[in-house]
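Undergrad: Prediction below, plus the sequence it came from.
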Amino acid sequence: KQEVTQIPAALSVPEGENLVLNCSFTDSAIYNLQWFRQDPGKGLTSLLLIQSSQREQTSGRLNASLDKSSGRSTLYIAASQPGDSATYLCAALYNDYKLSFGAGTTVTVRA
Amino acid sequence: DAGVIQSPRHEVTEMGQEVTLRCKPISGHDYLFWYRQTMMRGLELLIYFNNNVPIDDSGMPEDRFSAKMPNASFSTLKIQPSEPRDSAVYFCASSPPTREQYFGPGTRLTVT
């Protein structure tokens, strides 16, 4: 079974601190890996997509890395702000077009 | 583009009633997905379509659930009859050939 795990389940940091969110997947034959943000009561917003041939992707303060051999992806958020408070989900896509989601990491950035 | 559009945003119905959820994907996207999110089970893929054709419905929980995509710009997810355990947030997502998925705002369904 293609399982995706996110640890920790929750994280609280003071404003300005860098955030490191971890994602691991059991099946390394991924097609791509996608990071999403979900605000309470809202839908999922795509943050970054990393193709299986890539090692990292960057967008503004966000950087995501992918290591297929170890089955890991990491999302870095630099200089966190209270507006970064949300749940972050990673999802691995396989050739069957099915996204396998982690349970998410809920981030609170304290002002 | 307006993104993926879902309606209604909230639905409250009584057990046994028929519920129809609607989705308009992003124009030009050839894949459409229906997901369900609950606290207990997280996000689950129910069914997905490619070029309006259902490809995999193995996630559909029971025969009470059905989905259609009559054209490239419209899809429905129907539950008949509805039960309290169907209460969840239902998301529609669409994807271009790059396979990046874009989600709609969801429909919060409450079955009493």
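TA: Everything's here; your move. Numbers count the residues shown, from 1 in each chain, chains lettered A, B, ... in the order given.

Undergrad: Quick check: what element follows the helix or strand hosting B:Tyr48 along the chain?
TA: In this assignment (DSSP states H and E), B:Tyr48 forms part of strand B:42-50. Proceeding N to C from strand B:42-50, the next assigned helix or strand is strand B:53-56, under DSSP H and E.

Undergrad: pull the CA atoms of that following strand into CSV?
TA: C-alpha atoms of strand B:53-56 as CSV (Å, rounded to 0.1, in the frame of the first residue of the first chain):
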residue,chain,number,x,y,z
VAL,B,53,-14.7,8.8,-18.9
PRO,B,54,-14.6,7.2,-15.4
ILE,B,55,-11.2,5.6,-15.0
ASP,B,56,-11.2,4.3,-11.4
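
Undergrad: Pull up the pairing partners for it, direction included.
TA: strand B:42-50 (antiparallel) (DSSP bridges).

Undergrad: Provide the contact partners of the strand it pairs with at residue level.
TA: For strand B:42-50, contacts defined as CB atoms under 8 Å, 6 or more residues apart in numbering or on different chains pick out A:89, A:97-99, A:101, A:103-104, B:30-38, B:54-57, B:59-61, B:65, B:67, B:69, B:75, B:77, B:91. C-beta here means a position set from N, CA and C on the backbone, and glycine is covered the same way.

Undergrad: So which of the residues you listed are in strands?
TA: Those of these mapping onto strands are A:89, A:99, A:101, B:31-38, B:54-56, B:65, B:67, B:69, B:75, B:77, B:91, per DSSP state E.

Undergrad: Mind checking which of those are buried?
TA: Buried residues within those, counting neighbours by 16 or more other CB atoms under 10 Å in any protein chain shown: A:89, A:99, A:101, B:31-37, B:54, B:56, B:65, B:67, B:69, B:75, B:77, B:91.

Undergrad: Give me the neighbour count for A:Lys68.
TA: 17 (other CB atoms under 10 Å in any protein chain shown).

Undergrad: ugh, wrong one, B:Asn50
TA: 14.

Undergrad: what separates it from B:Gly28, distance-wise?
TA: 14 Å (CB to CB, to the nearest Å).

Undergrad: mind listing what residue 10 touches?
TA: Because you didn't say which chain, this covers chain A. So A:Ala10 contacts A:Thr105, A:Thr106, A:Val107, A:Thr108 (CB under 8 Å, 6+ apart).

Undergrad: my bad, the chain I had in mind was chain B
TA: B:His10 neighbours (CB under 8 Å, 6+ apart): B:Thr107, B:Arg108, B:Thr110.
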